[in-house]
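Asks: Need a 3D model of the sequence below.
(2 chains, ligands or ions: 2)
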Amino acid sequence: MSAPTLPLDSAVIATQDHSGFAVVFEDVWLAFEENEVLRGVSFRLPLGETKALFGVAGAGKSTILKLVLGLLKPDAGRITVLGAGVAEMREQDLFALRGKIGMVFQESALFDSLTVRENVAFRLMEEHGIYSEDIDRRVREALSFVELEHTVDMLPSELSGGMRRRVAIARAIITQPELLLYDSPTGGLDPVTSNTIVELIVKQRDVYKTSSLLVSHRLQDAFTMATHEFDRQSSQLRALPRGQYCNVPMSFLVLRDGKVIFDGDIHELAQTKDDYIREYIS
Amino acid sequence: MELISPTELAKQKVQAVQDYTLLAIRSIGNIFRKPLYLADMLQQADLIGVGSLPIVVLIGFFTGAVLAVQTANTLQRFGSITLIGQLVSLSMVRELGPVLTGILVAGRNASGMASELGSMIVTEQIDAMRALGTDPMKKLVTPRVTATVFMLFFLTIISDFVGLAGGLMVAKLLLNLDARQYWSNAWQSLVFEDVFMGLVKPVLFGFIISTVGCFYGMTARGGTQGVGRATTQAVVTASVLIIVTNFFVTQFLMNVLSYK
Ligand SMILES: Nc1ncnc2c1ncn2[C@@H]1O[C@H](COP(=O)(O)OP(=O)(O)OP(=O)(O)O)[C@@H](O)[C@H]1O
Ligand SMILES: [Mg+2]
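Replies: Ligands and ions are numbered 1, 2, ... in the order given. Below is the predicted model of the structure:
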């Protein structure tokens, strides 16, 4: 593994003000033994924005989300999340920060020996210790948000893959975290279910103004998010006219060979000259 | 299988010992740090204590019985069969009670812990727990360690008692000795040092069983096969450590307590 050298202007970047950003990556490197997964990744996620991460399988998308949570440590580079430098923090100090972040794992990662109710309530139970009526109300609320109220007493093994994904979303959003990380929330789901999930994500973005990173395999979903907003009156998505796309807090990031090859909004994505990206989005 | 150079292997072993030590220290340190997971501790105590009770009773009883049968023969030759209570009680309290119960609980619970935590590792549930802001060391490891230490202590006491009862049964039914004499002989021969040694051991063994089980679980890699491997290794390591530690603790305590 070659030890990457920091760019000359790293000192300048380091002193920059990160207020106004939920996540900042500065020249992040990470290798699993011989396999260099990230080779100098830099990007910023402004507060309130949703950024969709693209890249082929194995590009390092899930790895980026785990770095944000401090579940993995980078070999080099700085990562600032909600104002804290997670790369330098000790595991014990990270737990408080993680409490402000919600994560939906690619494989859902529900606790398989706990019921859906206990899974969704996990965070609140950790905070309050006992299962109160208030917690029960919030669990039902979160589950109705993903339309799974009837599953409260089931075990994860009794649910379908798509249902598990939605329970994982309910578990992540129940405390209304400041930052949400979705790892392929619509991967391998039917169009109806994935539309429901897209709607949920847009609702989080537009109603609660939550910042989020979204790993996606379906470009279509991200386009829908970038061209629609959540209408509170009808509680549905509403298509925006072309001219208003720039008002949507949504951006795109494409990873290739461990580097960011594109980072910008939907207009820039549509106009890009890069052949690889053109092929990717066509 | 990949070939690893001896230095690399040695490095890995040193690293593993270091990681294990860290886990062991933190499992204790967490007792004094909030939050304390009482409900999880009780659940584990139930699983370990109540779950192991029938088999501990069974094994303790027959061990005491076979001790009586074996020693009766020798004692009779020297004409001191009345000492049988003493022999059974000393062997049970000082050695067989703690060691057998420890090995038994290692087989049942070190494997259980390794496979449970290992499965949680390979299915990303541990990562999910960390992501939800909960320390798996506090929530999963510390309750298992405290519950095992606590329960093994009491299981050993129970094992000692039923072992004595097993010896009594043999003494009364097979050797036609006086039950009262057996009991008083068994009781009076026990001094503070014996009981102390017999009660220090389960505390140590409980700590070994639970930390080894949790360590192999938390470091499991490589899918279901890795979990299987972790489970086997946990039982083997815990059992070997119990036997080896037992020797040194016995030696040490005998010196410290200045046995005659
Ligand atoms: N724990 C690990 N140990 C070793 N290698 C790993 C580990 N986690 C990920 N990798 C490697 O890192 C690379 C990136 O993995 P990652 O899971 O981030 O991909 P991804 O972009 O999320 O892919 P997908 O779209 O399939 O989910 C892969 O080549 C993978 O082999
Ligand atoms: Mg992934």
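Asks: near chain B, which residues of the stretch 51-200 of chain A?
Replies: Contact residues, the stretch 51-200 of chain A versus chain B (Cβ under 8 Å from any Cβ of the partner chain): A:66, A:69, A:71, A:91-92, A:94-96, A:98-99, A:101, A:103, A:105, A:107, A:109-112, A:122-123, A:126, A:129, A:171. The C-beta positions use only the backbone N, C-alpha and C, and glycine is treated the same way.
Asks: Looking at these, which are in strands?
Replies: Assignment to strands by DSSP state E places the following of these there: A:101, A:103.
Asks: and the residues of the stretch 51-200 of chain A next to chain B, which are buried?
Replies: A:66, A:69, A:71, A:94-95, A:98-99, A:101, A:103, A:105, A:107, A:109-111, A:122-123, A:126, A:171 (16 or more other Cβ atoms under 10 Å in any protein chain shown).
Asks: So which residues on the stretch 51-200 of chain A come close to ligand 1?
Replies: Of all the residues in the stretch 51-200 of chain A, those in contact range of ligand 1 (Cβ under 6 Å from any ligand atom) are A:55, A:57-63, A:106.
Asks: any idea which of these is closest to residue B:181?
Replies: Nearest to residue B:181, judged by Cβ to Cβ, of these is residue A:106 at 70.8 Å.
Asks: tell me the contacts of the residue of the stretch 101-250 of chain B found nearest ligand 1?
Replies: Scanning the stretch 101-250 of chain B for the residue nearest ligand 1 gives residue B:221, at 8.6 Å (criterion: Cβ to the nearest ligand atom). By Cβ atoms under 8 Å, 6 or more residues apart in numbering or on different chains, the residues touching residue B:221 are B:121-122.
Asks: Next one, pLDDT for the single nearest residue of the stretch 151-282 of chain A relative to chain B please.
Replies: In the stretch 151-282 of chain A, no residue comes nearer to chain B than residue A:171, which is 7.6 Å away by Cβ to the nearest Cβ. At residue A:171, the model reports a pLDDT of 94.
Asks: Grab the nearest non-local neighbour of it.
Replies: residue A:120 (5.0 Å; Cβ to Cβ, 6 or more residues apart in numbering or on different chains).
Asks: tell me what the helix or strand harbouring that neighbour is packed against?
Replies: Assigned by DSSP states H and E, residue A:120 belongs to helix A:116-128. The contact analysis (3 or more Cβ pairs under 8 Å, 6 or more residues apart in numbering or on different chains; DSSP states H and E) places helix A:116-128 against helix A:133-145, helix A:161-173.
Asks: Find the one among those with the highest mean neighbour count.
Replies: helix A:161-173 (a mean of 24; mean count of other Cβ atoms under 10 Å in any protein chain shown).
Asks: Work out the gap between it and the centre of the chain.
Replies: Put simply, helix A:161-173 sits 13 Å off its chain's centre (Cα atoms, centre = their mean, to the nearest Å).
Asks: so which helix or strand takes in residue A:79?
Replies: Here residue A:79 is assigned to strand A:76-81, by DSSP H and E.
Asks: Which SSE is immediately downstream of that strand?
Replies: Next helix or strand after strand A:76-81 toward the C-terminus (DSSP H and E): strand A:84-85.
Asks: Determine the set of other helices and strands touching that next one.
Replies: Going by 3+ Cβ pairs under 8 Å, 6+ apart, strand A:84-85 lies up against no helix or strand.
Asks: which residues does residue 249 contact?
Replies: Going with chain A. Residue A:249 touches A:46, A:48-50, A:205, counting by Cβ under 8 Å, 6+ apart.
Asks: oops, chain B please
Replies: Here residue B:249 is in contact with B:197, B:200-201, B:204 (criterion: Cβ under 8 Å, 6+ apart).
Asks: Identify, from those, the entry nearest to chain A.
Replies: Closest to chain A, out of all of the contacts of residue B:249 and judged by Cβ to the nearest Cβ, is residue B:204, at 27.2 Å.
Asks: count of residues packed around the residue nearest to residue A:171?
Replies: For residue A:120, the neighbour count with other Cβ atoms under 10 Å in any protein chain shown is 31.
Asks: you'd agree it is up against residue A:142?
Replies: Yes: using Cβ atoms under 8 Å, residue A:120 is in contact with residue A:142, at 5.6 Å.
Asks: overlap in contacts of those two?
Replies: Any residue near both residue A:120 and residue A:142 by Cβ under 8 Å, 6+ apart counts here, and that gives A:170-171, A:174.
Asks: was I right about residue A:79 contacting residue A:29?
Replies: No: Residue A:79 is beyond contact range of residue A:29, at 11.2 Å (criterion: Cβ under 8 Å).
Asks: quick one: residue A:180 is in a strand?
Replies: Yes: with DSSP: H, G, I helix; E, B strand; the rest coil as the criterion, residue A:180 is part of a strand.
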